[in-house]
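1. The sequence and its predicted three-dimensional model are supplied below.
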Amino acid sequence: MVKTIKVDKICKSILQKSMGLMFSKKRILLFTWKNEKKQPIHMFFVFFPIDLFYLNKNKEVIEIKKNVKPFTHYNPKKHCMFLIEAPFNQLTLKLKDQVNIKK
């Protein structure tokens, strides 16, 4: 199923990616990389739980990690080219969903 997701910010630079939701209000971020690879994340100085949606180069959901707690770390099992970080339970994506990104 194709789902359109409105993101608040697209993180492309190293600084934007390392900051992510640190010291931020609840919003939806999209991270992009040039090549597919494993992209671990940290939740340092993020004060609310989030959901992670890892997408392949075709923007298909390949891995989901729900309810990632503040001040933790997550290592994905799969390679991705895109990552969506969203406040817990804000998005209803499922594995194999195709995602259309809207800013």
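-> All right, it came through fine.

2. Now do the same contact list for the residue nearest to residue 64 when sequence neighbours are not counted.
-> Nearest residue to residue 64, sequence neighbours excluded (Cβ to Cβ, 6 or more residues apart in numbering): residue 53, at 5.7 Å. (C-beta placed from N, C-alpha, C; glycine too.) Going by Cβ atoms under 8 Å, 6 or more residues apart in numbering, residue 53 touches 61, 63-64, 83-84, 86, 91, 93, 99.

3. the bottom helix or strand of the chain by mean pLDDT?
-> Lowest on mean pLDDT, DSSP states H and E among the helices and strands of the chain sits helix 14-19, with a mean of 89.

4. In that one, which residues are buried?
-> residue 17 (16 or more other Cβ atoms under 10 Å).

5. Now do the same contact list for residue 40.
-> If a contact means Cβ under 8 Å, 6+ apart, then residue 40 has 73-76 as its contacts.

6. Sounds good, over and out.
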